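**Student:** Sequence plus predicted model, see below.
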Amino acid sequence: EVQLVESGGGLVQVGGSLRLSCAASGLTFFENYAIGWFRQVPGKDLEGVSCISSIDGSTNYVGSVKGRFTISSDNARNTVYLQMNNLKPEDTAVYYCNVRFRSVDFWGQGTQVTVSS
């Protein structure tokens, strides 16, 4: 079974950086899927932040984080990272790792990111 475990959240000041990690198990990296990061603020909809393809490493970002966030993967460690730089108060949210694998959605438990001004 697929399991995703996030880590790396925390409290940071405006302009600071954090790196989130998503450790995946149960995936076969030669199959075609994308691992993504989503975030949610209480009372608001879940927002897709970024994703990376398992096949060619291509990436996508929501407009509000382009140029500040970088998604990457380390297949040897079965881990996907989200490097977040120049953080803003509006980046405050719970961040979730997600993968749709063989038509099933799997989610991590979430990690809180708080950016203080």
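**Tutor:** Yep, that arrived.
**Student:** Going by C-alpha atoms from here, please, whenever you check contacts or count neighbours.
**Tutor:** Noted.
**Student:** Report the beta-bridge partners for the residue most central in space within the chain.
**Tutor:** Taking C-alpha atoms, centre = their mean, the centroid of the chain lies closest to W37, which sits 2.8 Å from it. Taking DSSP bridges as the rule, W37 bridges to S50, C97.
**Student:** My read is that it contacts Y95, right?
**Tutor:** Yes. The pair W37 / Y95 is scored as a contact, 6.7 Å apart, by C-alpha atoms under 8 Å.
**Student:** which regions of this structure sit below the pLDDT cut-off?
**Tutor:** Applying pLDDT under 70 to the chain flags the ranges 29-30.
**Student:** quick one: the helices in it?
**Tutor:** Along the chain, no segments are classed as helices by DSSP state H.
**Student:** Which residue is the nearest non-sequential neighbour of S21?
**Tutor:** Excluding its sequence neighbours, the residue lying closest to S21 (C-alpha to C-alpha, 6 or more residues apart in numbering) is Y81, at 4.6 Å.
**Student:** tell me the contacts of the one you found?
**Tutor:** Applying C-alpha atoms under 8 Å, 6 or more residues apart in numbering to Y81 gives the contacts 19-22, 70-73.
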